[in-house]
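Participant: below are the sequence and a predicted model; questions follow.
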Amino acid sequence: MKTMTCRDLGGPCDQSFTGDDHNEIIIQQDAHLKEQVADGDTTHAEAAKAMKGRWKNPIGGMRWYRQVKRDFDALD
Ligand SMILES: [Zn+2]
C-alpha cells in the first residue's frame, strides 16, 4: 500500500490517495478531480481537463501514465 497526492498527479492540492498499484491511485485521482470540479472548485479545472484529454490522446496520456507508474514504483 502506497500513498500519492493530488499534487503528485499534476493536481493543485495535497489530498492523498492510497492503493496497491498506480491504477488504484489514478482512479481515485480521476474521481477526486471530477468531484472537486462538480463542487465548483476552479483550481482543479485544469487538471480535470488534462485528465479527460489523456483518455482522448493515448500517446500523451501513456507518457503521463508511465510516469505515474514510475513515481509509484519509486515510493518505499
Ligand atoms: Zn486535489
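Facilitator: It's in. Residues are numbered from 1 along each chain as shown.

Participant: from here on, contacts and neighbour counts on C-alpha atoms
Facilitator: Fine.

Participant: let's verify M4: helix, strand, or coil?
Facilitator: For M4, the assignment made with DSSP: H, G, I helix; E, B strand; the rest coil gives strand.

Participant: list the beta-bridge partners for it.
Facilitator: Beta bridges link M4 to F17, judged by DSSP bridges.

Participant: near the ion, which residues of the protein are found?
Facilitator: C6, C13 (C-alpha under 5 Å from the ion).

Participant: quick one, helices of the chain?
Facilitator: Ranges of helices in the chain, per DSSP state H, are 22-38, 45-56, 58-74.

Participant: distance between stretch 17-32 and the chain's centre?
Facilitator: Its chain's C-alpha centre and that of stretch 17-32 lie 7 Å apart, by C-alpha atoms, centre = their mean, to the nearest Å.

Participant: ugh, wrong one, stretch 31-45
Facilitator: 12 Å.

Participant: let's have the chain start at 58 instead
Facilitator: Sure, I'll start counting at 58 from here, so that last one is stretch 88-102.

Participant: for it, list every residue counted as buried.
Facilitator: Neighbour-count burial for stretch 88-102, counted by 16 or more other C-alpha atoms under 10 Å, picks out H89, L90, K91, V94, H101, A102.

Participant: format the residues you listed as a markdown table; extra columns: distance to G117.
Facilitator: What follows is the buried residues of stretch 88-102, written out as a markdown table (distance: C-alpha to C-alpha, whole Å):
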| residue | distance to G117 |
| --- | --- |
| H89 | 21 |
| L90 | 19 |
| K91 | 20 |
| V94 | 23 |
| H101 | 20 |
| A102 | 19 |
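
Participant: thinking again about what came up before, mind putting the helices of the chain in JSON lines, distance to M61 and mean pLDDT included?
Facilitator: Formatted as JSON lines, those follow (distance: least, C-alpha to C-alpha, whole Å; pLDDT from 0 to 100):
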{"stretch": "helix 79-95", "distance to M61": "7", "mean pLDDT": "98"}
{"stretch": "helix 102-113", "distance to M61": "16", "mean pLDDT": "92"}
{"stretch": "helix 115-131", "distance to M61": "7", "mean pLDDT": "94"}
